[in-house]
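> sequence and predicted model, in that order:
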Amino acid sequence: MVANSKPECAKEALNLLNCAAEVDFDTHKCVGHLQALRQCIISKKVKRFSLAGEKREDGEPSDKK
C-alpha cells in the first residue's frame, strides 16, 4: 500500500459501521453494506483489518509507515 493512501475497503467498512450505529437501524440496508464489504474484501484479497494505532501481531503500530 502506498503511504497516505486510503486503506482497502475503508469506504465499505465505514458504511457498514455507520449503518449499524443509526438510530433508525435498518437490517436490510445494513445487509447490503455487509455484502458490499464482503465483495470488496474478496476482490482486493484483504486478509485483516486494524485500527490506527493498534499494535499488529509483530508488535509494530499499524499506522507506522
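Nice, I can see it.
> contacts only, for the most centrally placed residue in the chain.
In the chain, the centroid-proximal residue (CA atoms, centre = their mean) is residue 13; its distance is 3.6 Å. With contact set as CB atoms under 8 Å, 6 or more residues apart in numbering, residue 13 has these partners: 37, 49. (C-beta placed from N, C-alpha, C; glycine too.)
> buried residues, whichever strand or helix holds it. List them.
Assigning secondary structure by DSSP states H and E places residue 13 in helix 10-21. Neighbour counts over helix 10-21 (16 or more other CB atoms under 10 Å) mark 12-13, 15-16, 19 as buried.
> one more: stretch 38-56?
40-41.
> now it - C-alpha only, PDB.
Extracted as PDB, the C-alpha positions of stretch 38-56 are listed here (Å, rounded to 0.1, in the frame of the first residue of the first chain):
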ATOM      1  CA  ARG A  38     -17.500  -8.800   1.700                       C
ATOM      2  CA  GLN A  39     -17.200  -8.300  -2.100                       C
ATOM      3  CA  CYS A  40     -14.500  -5.700  -1.600                       C
ATOM      4  CA  ILE A  41     -12.600  -8.000   0.700                       C
ATOM      5  CA  ILE A  42     -12.800 -10.800  -1.800                       C
ATOM      6  CA  SER A  43     -11.900  -8.700  -4.800                       C
ATOM      7  CA  LYS A  44      -8.900  -7.000  -3.100                       C
ATOM      8  CA  LYS A  45      -7.800 -10.100  -1.100                       C
ATOM      9  CA  VAL A  46      -7.900  -8.300   2.200                       C
ATOM     10  CA  LYS A  47      -6.600 -10.600   5.000                       C
ATOM     11  CA  ARG A  48      -7.100  -8.500   8.100                       C
ATOM     12  CA  PHE A  49      -8.300  -5.100   9.300                       C
ATOM     13  CA  SER A  50      -6.800  -2.900  12.000                       C
ATOM     14  CA  LEU A  51      -7.400   0.400  13.600                       C
ATOM     15  CA  ALA A  52      -4.900   3.300  13.500                       C
ATOM     16  CA  GLY A  53      -2.600   3.000  16.500                       C
ATOM     17  CA  GLU A  54      -3.500  -0.700  17.100                       C
ATOM     18  CA  LYS A  55      -0.400  -2.900  17.500                       C
ATOM     19  CA  ARG A  56      -0.100  -5.600  14.900                       C
END
